[in-house]
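*Asks:* sequence and predicted model, in that order:
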Amino acid sequence: MERNQLLLLFTFLLTLTATLLGIAHIVTDSSSSKFSSGTGGALFQSSEIGAAVIKISGEIHSGESTFDSVGADSVLQELRDLEHDVNVKGILIEINSPGGTVAASQEIYNELLHLRKTKKIVVSMKDVAASGGYYIAAASDYIFAENGTITGSIGVISFSPNFKGLMDRYGVSMRTYKAGKYKDMYSPFRDSTSEEEDIINKQLMDTYHKFVEDVARGRNKTVKSIEELAEGKIYSGEDAFRNKLVDDIGGRREAHAKLSELCQYEGLIPLYEKEVSPLDKLMMNFGVMFQGNANTKKMSLILSSPVLVMLPTWLGKINL
């Protein structure tokens, strides 16, 4: 009983703290800039020349960003806000992502390609910028990777569990009612037909060819040259540099200097990073504390593997 009371008290205090921080966040967010200086100085003002830092960290998906993933809607909103600010001359994108959903990665790629008409864009790759992470990087003017960065993985994979053998063993069957011959094409309760496998393979190849074509367009390379480097191959940063998938070896310092050069700014152009509210920091900390059990973590590792993944709709998403 005493343990339950302590848990109840802890929950109450946590809720109260989150509520107070939320109120403070709403008040401060309405009166301050979204970006603060990353190189010294005051809050970002419309009269100051500078460049913005956008971080893409975690699995990429549609919707809003969470504490450990990147939502395309959140990124697109930031990019579109920056597009209309004439004093933002460039964007430094830091990528630490194994990939994510197809459509979300394509949306961010297309938005960056559009922004390249008016802004200079430089990418700095961190631990991993593979598959969807590399897809996004390919839309920039210049890419830096560390020697040990994991990148590339231009390829597509689709998988679906098959419980039929297990169910047959225990005499369990699944009745399916459907309108449409292929509605249960990804069903885990039966084997796929050869016709269904042909449909799935065509879907994979369509997505794969689009991936390769977009990388070639963003990197100003031929489709043939990218095809030779694709097929799901994973590269270290150094190997990617030798194969011209990235432009140079380096981190933020080198990326900052290159962005300043491209923006024709004398010295180092001021960098402005999005502020993280106290409430966001609190939720990030609790998110790290409560990541779930071992099985959940294993599934998370599978979903965040550095490959372009297409999952059936019954699993909820299609991944890059």
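*Replies:* Cool, got the structure.
*Asks:* now do the strands in the stretch 151-300 of the chain.
*Replies:* 156-158, 234-236, 248-249, 271-274 (DSSP state E, counting those that start in this stretch).
*Asks:* show me what the second one is packed against.
*Replies:* Right, the one you point to is strand 234-236. strand 150-152 (3 or more Cβ pairs under 8 Å, 6 or more residues apart in numbering; DSSP states H and E). (Glycine included, C-beta is placed from N, CA and C.)
*Asks:* which strands and helices lie in contact with the strand it packs on?
*Replies:* Contacts defined by 3+ Cβ pairs under 8 Å, 6+ apart place strand 150-152 against strand 120-130, helix 132-137, strand 234-236, helix 237-242.
*Asks:* who touches that strand?
*Replies:* Outside of strand 150-152, the residues within contact range by Cβ atoms under 8 Å, 6 or more residues apart in numbering are 125, 127-130, 133-134, 137, 145, 229, 233-237, 240, 245-246, 306.
*Asks:* let's go with 6 Å and repeat that
*Replies:* For strand 150-152, contacts defined as Cβ atoms under 6 Å, 6 or more residues apart in numbering pick out Met125, Val128, Ala129, Ala130, Tyr134, Ala145, Lys233, Ile234, Tyr235, Ala240.
*Asks:* quick check on those residues: which are buried?
*Replies:* Met125, Val128, Ala129, Ala130, Tyr134, Ala145, Ile234, Tyr235, Ala240 (16 or more other Cβ atoms under 10 Å).
*Asks:* ok, back up a step: Ala104 is nearest to which of the helices and strands packed on strand 150-152?
*Replies:* Of all these, helix 132-137 sits nearest to Ala104, with 7.5 Å by Cβ to Cβ.
*Asks:* tell me the mean pLDDT over that closest one?
*Replies:* Average pLDDT, helix 132-137: 96.
*Asks:* next one: stretch 216-236
*Replies:* Mean predicted lDDT for stretch 216-236 stands at 96.
*Asks:* in it, what's buried?
*Replies:* Buried residues in stretch 216-236, counting neighbours by 16+ other Cβ under 10 Å, are found at Ala216, Gly218, Arg219, Lys221, Ile226, Glu227, Leu229, Ala230, Gly232, Ile234, Tyr235, Ser236.
*Asks:* likewise for stretch 59-77?
*Replies:* Glu59, Ile60, His61, Ser62, Ser65, Ser69, Val70, Gly71, Ala72, Val75, Leu76.
*Asks:* between the residues you listed, which sits nearest Gln203?
*Replies:* Of the buried residues of stretch 59-77, the one sitting nearest to Gln203 (Cβ to Cβ) turns out to be Ser62, at 18.2 Å.
*Asks:* which non-adjacent residue is nearest that closest one?
*Replies:* Ala104 (4.7 Å; Cβ to Cβ, 6 or more residues apart in numbering).
*Asks:* what about that neighbour, which SS state?
*Replies:* Three-state call for Ala104 (DSSP: H, G, I helix; E, B strand; the rest coil): helix.
*Asks:* what's the pLDDT at it?
*Replies:* Ala104 carries a pLDDT value of 93.
*Asks:* can I get the strands of the stretch 151-300 of the chain in JSON lines including distance to Leu262?
*Replies:* Shown next, in JSON lines, are those (distance: least, Cβ to Cβ, whole Å):
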{"stretch": "strand 156-158", "distance to Leu262": "32"}
{"stretch": "strand 234-236", "distance to Leu262": "24"}
{"stretch": "strand 248-249", "distance to Leu262": "13"}
{"stretch": "strand 271-274", "distance to Leu262": "14"}
